[in-house]
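A.B. asks: can't give you the sequence, but here's the structure:
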């Protein structure tokens, strides 16, 4: 992927009774038609990459089966997209209708994220076939000082530890820029994206069998609320100019 400071997520589910034939049509349309149209129809969109859910959160069904990640070149691209979304319908792009499974999907996520740290570097630049997501909020009622302590610990202590113990290829932090769709109660405010390969998955299994505690943090960290932990497998990607 590219060094993009903003990303737009679209998460969805196909209907449970979708036949294998219709599912194949859905995936072909999404990868080879719709994803291309979204990138080309929205100024500042750089690349779209599709993922499929591989490991659901153990506490419940918090993640959609299908996820598309659209990378944006800058904040102007994010603001432009939101202006079109919030404006009249005639100002929005028109997309191809797609097969029946596409027309009947269940919408789950529409989220815009702003990259926090590191400021530069490619998400997916290591050729990672998997992304592991951890989304959370700081402890309730944290004040400004508590939030600063939360972010300092998260960035400088927790993420490096997680990368090391799980043999992830990288760890990248994002902050929610705008929620357009998310199941109740709301979207979490912070996201950590860990790039993973087969070695990472094996390390996670070994750690689950022999868990070891990570470093303790300030109260705003110790009381944090984890919304979901999800593992996705990369399907395909397409960028402008390809």
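C.D. replies: Nice, thanks for sending it over. Computed from a predicted structure; not experimentally measured.
A.B. asks: helix or strand next in line after the worst-scoring helix or strand of the chain on mean pLDDT, which one?
C.D. replies: Using mean pLDDT, DSSP states H and E, helix 198-209 stands out as the lowest-scoring helix or strand of the chain, at a mean of 94. Using DSSP states H and E, the helix or strand that directly follows helix 198-209 along the chain is helix 219-222.
A.B. asks: and the contacts of that next one?
C.D. replies: Residues outside helix 219-222 that contact it (CB atoms under 8 Å, 6 or more residues apart in numbering): 138, 139, 142, 146, 147, 149, 150, 153, 154, 158, 216. From N, CA and C alone the C-beta is placed, and that goes for glycine too.
A.B. asks: for ChimeraX, write a command that selects the buried ones of those.
C.D. replies: To isolate in ChimeraX the members of these that are buried, counting by 16 or more other CB atoms under 10 Å, one can use:
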select :138,139,142,146,149,150,153,154,158
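A.B. asks: and the longest strand anywhere in the chain, what other elements does it pack with?
C.D. replies: Longest strand of the chain, by residue count under DSSP state E: strand 225-239. When contacts are defined as 3 or more CB pairs under 8 Å, 6 or more residues apart in numbering; DSSP states H and E, strand 225-239 packs onto helix 35-41, strand 45-55, strand 130-137.
A.B. asks: tell me the average confidence for the first one?
C.D. replies: This predicted structure assigns helix 35-41 an average pLDDT of 98.
A.B. asks: tell me what that helix is packed against?
C.D. replies: Where contact means 3+ CB pairs under 8 Å, 6+ apart, helix 35-41 is packed against strand 45-55, strand 66-72, strand 225-239.
A.B. asks: how near is residue 155 to residue 192?
C.D. replies: 10 Å (CB to CB, to the nearest Å).
A.B. asks: rewinding a little: among the helices and strands packed on strand 225-239, which is nearest residue 63?
C.D. replies: For residue 63, the closest of these is strand 45-55, at 5.4 Å, according to CB to CB.
A.B. asks: tell me the average confidence for that closest one?
C.D. replies: Strand 45-55 comes out at a mean pLDDT of 96.
A.B. asks: and if you look at stretch 110-119?
C.D. replies: On average, stretch 110-119 scores 94.
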